[in-house]
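Chemist: fold the following and give me the result.
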Amino acid sequence: MSERCLLIGGAGFIGRALADALVRDGKNVRIFTRNVSPDLRKSFSGWSTGKVELLQGDFLVTDDLRRALDGCDSIVHLVTTTLPATSNADKVLDIETNLLATVRLLEVARSYGPKRIVFLSSGGTVYGNPLYIPIDEVHPTNPLSSYGIGKLAIEKYLNLYSHLYGFDAVSLRLSNPYGPGQRGDRQQGAVAVFLERALTGKSIDIWGDGKVVRDYVYIDDAVNAICTALQYKGTQNVFNIGSGEGHDLNEIVNVLGRLLNRKLAVSYHDPRAVDVKASILDISLAQKHLGWTPRFTFDEGISRFLQSRAKQLDYLLPVRLALDAEHTDE
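Modeler: So this is what the prediction gives:
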């Protein structure tokens, strides 16, 4: 019988891409999400083959967690109810719906089969302002947002449950994922937001001078890291997952403008207190222990993302972009 993997919060950007990859690997996937619709079902390639099951439920309800966990061999914890930029506005809500809810999940999981858990932490927020770059996993952790503090606390509880109850848990400190399927109307995901506004002719909003540096990882590479972590049998329990390179916001604008062959409108605003100045992850530990390394360059990833979204919008791209994409497939 095929292994069944539970994706908690699996209806989002990362979850959909991950579900497709797991189905290709021969696994069954259960998506646990608050809302299930016919359109959502159609968005999963494995739905028609019976390899993907959508289970409606609330992450905050114990009985729903029991239903979700029953019969699953592994868990990927993707759900988050807040964003780094907004979590400080209601810290109690952030704690109750993320940290407390995850501890409740672990308590329920003690009575069920799954011991393998992969948790999507945040490489962009748990460290805070870096003392050195690139940031490795032993760098001090001083988050500037409730979101980052919550992610770090969940990592610690996973370690506690591993010690007390034999859970086989791995936390992936993911940088900034981007790629096809990511929505551009959210407050998170600079590449997706900038790309959407560029294609729809709107001005791109930047908080600060645009020199905030982040590590961006293409969705296929992020998914590959998660799949690899699900099979990992070693003792290392925290890994940075990113590109290992830094790009500032102005560079995203420049790459998009070059690919679209036009100058993009940009509006600069006052900087935000939650934004660290630079975050570039050292991914050598994941390369060594997981045997994982990113395949896509920054330009390749944006080009592929741009093509995918432009096709959905019936947007006519410059011929050069199509030629560039053909080259990256070689």
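Chemist: quick one: list the elements packing against the lengthiest helix in the chain.
Modeler: Counting by DSSP state H, the longest helix found in the chain is helix 146-165. Using 3 or more CB pairs under 8 Å, 6 or more residues apart in numbering; DSSP states H and E, the elements in contact with helix 146-165 are helix 91-94, helix 101-109, strand 116-122, strand 168-174. C-betas here are computed from N, CA, C, even on glycine.
Chemist: may I have the secondary structure class of residue 67?
Modeler: Following DSSP: H, G, I helix; E, B strand; the rest coil, the label given to residue 67 is helix.
Chemist: so it touches residue 57, yeah?
Modeler: Yes - at 6.2 Å, residue 67 counts as touching residue 57 under the criterion of CB atoms under 8 Å.
Chemist: give me the element residue 193 is part of.
Modeler: When elements are defined using DSSP states H and E, residue 193 is found to belong to helix 190-199.
Chemist: now residue 199: how far from residue 299?
Modeler: Using CB to CB, to the nearest Å, residue 199 is found at 17 Å from residue 299.
Chemist: those two: who's more crowded?
Modeler: Neighbour count, other CB atoms under 10 Å: between residue 199 and residue 299, residue 199 has more, with 18 against 14.
Chemist: so that one sits against residue 310, correct?
Modeler: Yes - using CB under 8 Å, residue 199 makes contact with residue 310 at a distance of 6.2 Å.
Chemist: what helix or strand does the spatially closest residue to residue 152 that is not a sequence neighbour sit in?
Modeler: Counting by CB to CB, 6 or more residues apart in numbering, residue 152 lies nearest to residue 126, which is 4.7 Å off, once chain neighbours are set aside. Under the criterion DSSP H and E, no helix or strand holds residue 126.
Chemist: show me what contacts residue 126?
Modeler: Residues in contact with residue 126 (CB atoms under 8 Å, 6 or more residues apart in numbering) are 141, 143, 148, 151-152, 155, 173.
Chemist: picking up where we left off before, nearest to residue 236, out of the helices and strands packed on helix 146-165?
Modeler: strand 168-174 (7.9 Å; CB to CB).
Chemist: please name the strands paired to that closest one in the sheet, noting orientation.
Modeler: Applying DSSP bridges, strand 168-174 is found paired with strand 116-122 (parallel), strand 238-241 (parallel).
Chemist: most tightly packed of those strands?
Modeler: Sort these by mean neighbour count, taking mean count of other CB atoms under 10 Å, and strand 238-241 sits at the top with a mean of 26.
Chemist: so after that strand, what's the next helix or strand?
Modeler: strand 247-248.
Chemist: which elements pack onto that next one?
Modeler: Counting contacts by 3+ CB pairs under 8 Å, 6+ apart, strand 247-248 packs against strand 213-214.
Chemist: which strands border the following helix or strand past the strand it packs on, and is each parallel or antiparallel?
Modeler: Next in sequence after strand 213-214, counting helices and strands by DSSP H and E, comes strand 216-218. Pairing partners of strand 216-218, with direction, according to DSSP bridges: strand 176-178 (parallel).
Chemist: if we can go back for a sec, what's whichever helix or strand comes after the helix holding residue 193 in contact with?
Modeler: Later in the chain than helix 190-199, the nearest helix or strand by DSSP H and E is strand 204-207. When contacts are defined by CB under 8 Å, 6+ apart, strand 204-207 is touched by residues 193-194, 197-198, 249-250, 253, 264-272, 275.
Chemist: partner strands of strand 204-207, with direction?
Modeler: Partners of strand 204-207, by DSSP bridges, with direction: strand 266-269 (parallel).
Chemist: next one: the partner strand to chain centre, how far?
Modeler: Offset of strand 266-269 from its chain centre (CA atoms, centre = their mean, to the nearest Å): 26 Å.
Chemist: residues in contact with the next helix or strand after it: which ones?
Modeler: Downstream of strand 266-269, the next assigned helix or strand under DSSP H and E is helix 284-289. Under the contact criterion CB under 8 Å, 6+ apart, helix 284-289 has outside partners 136-137, 225, 232, 234, 236, 239-241, 292-293.
Chemist: could you redo the last one with a cut-off of 6 Å?
Modeler: The contact list for helix 284-289 (CB atoms under 6 Å, 6 or more residues apart in numbering) reads 137, 234, 236, 239, 241, 292-293.
Chemist: now intersect those with the strands, please.
Modeler: 239, 241 (DSSP state E).
Chemist: about what we covered before: compare neighbour counts for residue 67 and residue 57 and give me the winner.
Modeler: When neighbours are counted by other CB under 10 Å, residue 67 and residue 57 differ, and residue 57 comes out ahead with 17 against 14.
Chemist: need the contact list for that one.
Modeler: Going by CB under 6 Å, 6+ apart, residue 57 touches 32, 64, 68.
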